[in-house]
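K.L.:
predicted model and sequence below, questions to follow.
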Amino acid sequence: MAENTLNIYEKKAEEMTRVTFITAKDVFAQTDGGFLSLDANGVHYDRVKVVRLFPFSDANRYLSIREYGNEGREIGIIEDLDAMPEDSKKAIEHQLTLSYFTPVISKIYSIKDEYGYAYFHVMTDKGECRFAINMGSNAVSKLSDTRLIIMDVDENRFEIRDVEVLTQKEKRMLDMFL
Amino acid sequence: MILRYDIPQTIKNKIALPGDEKIYYAVPYDIDENGKWTDNSYLVVTTSRIYVFSGEEVRKDIAISDLEQAKAEPGVGGGILTVKSHGENRVLAHYSSRHLSRYAYIARGINILISGRFEEVISNEYEKVCPHCGRVIPGTKTCPKCSGEGRFLGVFLKMASPYKKQFFGIFFLMIMAAVTTLLNPEVQKHLINNVLKDGGDMQTAFGFLGLMFLLSVGIVIVNIMKSNASARLGSRIASDLRGQLFEKYQKLPLSFINDRRPGELLNRITQDTRYISDFMADVFCNLFAVFFIFIWDIIFMLIINTKLALISFILVPVVSAVMISFRKTISRIFHLQYKKNDDVSSDLQDVISGMRVVKTYGKEEDESNRFKRVAGDFALIQKRNERFWAMFDFIVSFLMGLGIVIVVYFGGLDVFSGSMSAGELYQFITYTLLLFQYVGWLGRLPREISRLTSSLERIYDILAQDVDEERKDLKEFDIKGEITFDHATFGYKSYQPVLEDINAVIKPGEMIGIVGASGTGKSTLINLLMRLYETDDGRILVDGTDMKDISRKSYHSQLGVVLQETFLFSGTIIDNIKFSKPDATIEEIIKAAKLANAHDFITKLPDGYNTYVGEKGYTLSGGERQRIAIARAILPNPNILILDEATASLDTENEFMIQKALERLTKGKTTFAIAHRLSTLKNADRIMVIDGHHIAEIGTHAELLERKGIYYNLYNAQIQT
């Protein structure tokens, strides 16, 4: 009896340490409800989660595909999204837009500071927007010397990919937060 | 938090509301189907339907009767509202983090409607951003800006009202200061006109000089008195408020404390109150004096020479504007320097505290090079800033001098043409200098006032919190120890339930072992039992009485708790043990200490029971602290005992000893014990396995082994290792 359980744990441990890759032969599709389904190794999953392993440095490579229930068990890892068939890729991308929202700032129109908060008016890849950050907290964190993540008061995250690309005027506005 | 926004009439027209149906919730969602920002989209929930609007267009229209469940699923930087209908999940709306908790309430609201009930969910959370002006609300209920500038006067008067006498005293001193300051140039004018120009005698000269001397001394004395009085009053107000805040914190429910960021409440006691005393000392003490001087200054200038006055009124703001913009640049570049300095020191701290790792991996050289680079950057900025700073003073004096030169030029022309006396010109210049001095000060004022307003608002926000007053009808009785969980549901955050629908009946004197993986809600269950939080839904009954109806004091005096992390207050061992029962006799204390196996080690300490422990005191080992905590828990001889990993930090021998002691103690007492090591639960009457927010299994050790479920696996895994 105990022997049996031990096997369960050993199997679990083995499963935990195994790295499975999901390849072009596994089929992803978008469900009517707007979610992502997967057929892999003869198993059909109604709904799977997609997790970026390197959301900043490699957003479209190394995506962990996990079950929706079952404590989010990992089904496998996609090495490169671009290597997936067009239909699967589209469905996965749609799922990613649902679960990840980190607008990338491409232009800064203005930053106004007022009483401890700074109000940004920017253009992002998701459209124009305004947001506010708390100047007292560490709202701006550096991923590298030129790459920034800005966290607003609502805990939305905005990314600036490369500070050097900004104009002199925009950089000057940002200076206060670097 | 707003759950029913005002939606445009054009959208309202498209919503069908037959009979007495109404709009329950109307909230915006800010991400459209393509993952882009949208600002005109709404989700509307009526009594029977859910509408999703994009602009005025109905995108989705679903009958609530078709639904099984709604769920707000948080993601990275946002979340989605999903519904399940006929076994299939659908996405309804996608929103950024701004609406994360809002949608949690909406999901709860929809689920209530699905279940056929019609209660409306109301949120007590505050909005973070003002829905009217878009400004951030500094942790208060309403936006300080939108509730009007008059708000300042309101809160200020509230703060000042208990100190009327002191305020009037300072007010009087301020008027005195203003009068003496304004009078001095007048005397100087007479000195110049009557003595110097008209060749008056020495005696009049001495008279004027004496008067000037007296006035100067008067200014100094009045100002010292005024600053002193303001500073004293400021620190008194601050200390009074600090006391009130602290008292309130003790009374507030833990859920309120948990809703705020950890540092925030601390800041209200330390920083916000300090800001009030700073404001009183630096700003308020001059406030009315400056206004008074400013107004009379302008009037005097106009009287002396209207043309010249108008010239200076143009000049002063221009010069001030230049100075202010200079100041802004200065503060910007010094902010940069400060940040860089921060980088350098945190880098340094990082490397030094990680020295062992750096050395074991042989990275000394890499680290030095990295540090050299950061320090170099800092030095560069510092050099540039110092250069700029050195110039700043000169530029400011130059600008002010320039202003005076222009005044002297035009004034001099008037003196030559005889329309103005030399004394008046001198007096005029002095007034102009005063104006320069105070314009800058007044420019800073709105900022200071607004900061004070938000500090005061934050303080009064806490002080005005309604604490559930102990109701008069609360019951006090000797608890036998029957505990019933009746559909108890709870979550620390609105959008994350930790325990859902817990149902169980615990008999008096029963010992319940609670097991489950970490993060499943074991400690939460115990927090509920300790009444640190109240259930969101459902009830917990003690001897058939709803826990909420039992007097807190009575309940807590019959409860013994030993937690995983023991907290000892700064004080002696005896103080710490007595904390649970201040009127305990020495015998009781020693008995409790013996039961907890603490007596022996305490007697070995040089100061015995008088040993000072806590942050700066004698360092006890984890096990010793734990034993003191156990003694503290059992001292009042409670009928309900809660042990949260009580013996986890002890060595095997001690654990065995204490287990033995606890065995005797727990007999006849309702006991809840959390343990990872299942062997410590072998005396438990029943085991409760918590998994996935629910009670997954409950039963005796044998029953659960029979079931071959989670407990069976856990048990076997532990005996294997």
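P.N.:
Nice, thanks for sending it over. Residues are numbered from 1 along each chain as shown, chains lettered A, B, ... in the order given.
K.L.:
how many other residues sit next to the residue of the stretch 401-550 of chain B found nearest chain A?
P.N.:
Using CB to the nearest CB, the closest approach of the stretch 401-550 of chain B to chain A is made by B:S450 at 5.2 Å. (Glycine included, C-beta is placed from N, CA and C.) By other CB atoms under 10 Å in any protein chain shown, 19 other residues sit near B:S450.
K.L.:
per-residue pLDDT, whatever residue of the stretch 601-721 of chain B ends up closest to chain A?
P.N.:
At 3.7 Å from chain A, B:N716 is the closest residue in the stretch 601-721 of chain B, using CB to the nearest CB. Per-residue confidence at B:N716 stands at 82 (pLDDT).
K.L.:
chain A: helices as residue ranges?
P.N.:
Counting by DSSP state H, residue ranges of the helices within chain A are A:2-17, A:86-99, A:168-175.
K.L.:
nearest to B:R356, out of the ones you listed?
P.N.:
helix A:2-17 (28.6 Å; CB to CB).
K.L.:
by mean pLDDT, which helix or strand of chain B comes out lowest?
P.N.:
Lowest on mean pLDDT, DSSP states H and E among the helices and strands of chain B sits helix B:254-259, with a mean of 67.
K.L.:
what does chain A give?
P.N.:
Result, chain A / mean pLDDT, DSSP H and E: helix A:2-17, a mean of 71.
K.L.:
can you list the domains in the chain?
P.N.:
Picked chain A for this. Per automatic domain parsing, the domain ranges recorded for chain A read A:2-98, A:105-175.
K.L.:
could you do chain B instead?
P.N.:
B:9-114, B:139-305+B:423-433+B:448-467, B:321-419, B:483-558+B:638-720, B:566-624.
K.L.:
quick check: which of those is nearest to A:G76?
P.N.:
domain B:9-114 (20.4 Å).
K.L.:
what secondary structure does B:L532 sit in?
P.N.:
At B:L532 the chain is in coil, as set by DSSP: H, G, I helix; E, B strand; the rest coil.
K.L.:
count of residues packed around residue 21?
P.N.:
In the absence of a named chain, chain A is used. Neighbour tally, A:F21, other CB under 10 Å: 10.
K.L.:
nope, chain B please
P.N.:
By other CB under 10 Å, the residues close to B:E21 number 13.
K.L.:
and it, what does it touch?
P.N.:
For B:E21, the contact set (CB atoms under 8 Å, 6 or more residues apart in numbering or on different chains) comprises B:T46, B:T47, B:S48.
K.L.:
again, but for B:I574
P.N.:
Here B:I574 is in contact with B:I589, B:Y609, B:N610 (CB under 8 Å, 6+ apart).
K.L.:
can you tell me the closest non-neighbouring residue to the residue of the stretch 101-250 of chain B found nearest chain A?
P.N.:
Proximity of the stretch 101-250 of chain B to chain A (CB to the nearest CB) peaks at B:V136, 4.4 Å away. Excluding the flanking residues, the one nearest B:V136 by CB to CB, 6 or more residues apart in numbering or on different chains is A:Y117, at 4.4 Å.
K.L.:
distance of the one you found from B:M1?
P.N.:
19 Å (CB to CB, to the nearest Å).
K.L.:
swap in B:H556?
P.N.:
Using CB to CB, B:H556 is found at 32 Å from B:M1.
K.L.:
okay, now the unreliable bits of chain A?
P.N.:
A:1-6, A:115, A:136-137, A:178 (pLDDT under 70).
K.L.:
how about the strands in it?
P.N.:
Secondary structure of chain A (DSSP state E): strands located at A:21-22, A:27-30, A:36-40, A:43-45, A:48-54, A:58-67, A:74-80, A:105-114, A:117-124, A:127-134, A:140-142, A:148-151, A:157-160.
K.L.:
which one of those strands lies nearest to B:V415?
P.N.:
Of all the strands of chain A, strand A:105-114 sits nearest to B:V415, with 46.3 Å by CB to CB.
K.L.:
now do that closest one and strand A:127-134, the angle between them.
P.N.:
Here the directions of strand A:105-114 and strand A:127-134 differ by 40 degrees (axes from the mean of the first three to the mean of the last three CA atoms, to 10 degrees).
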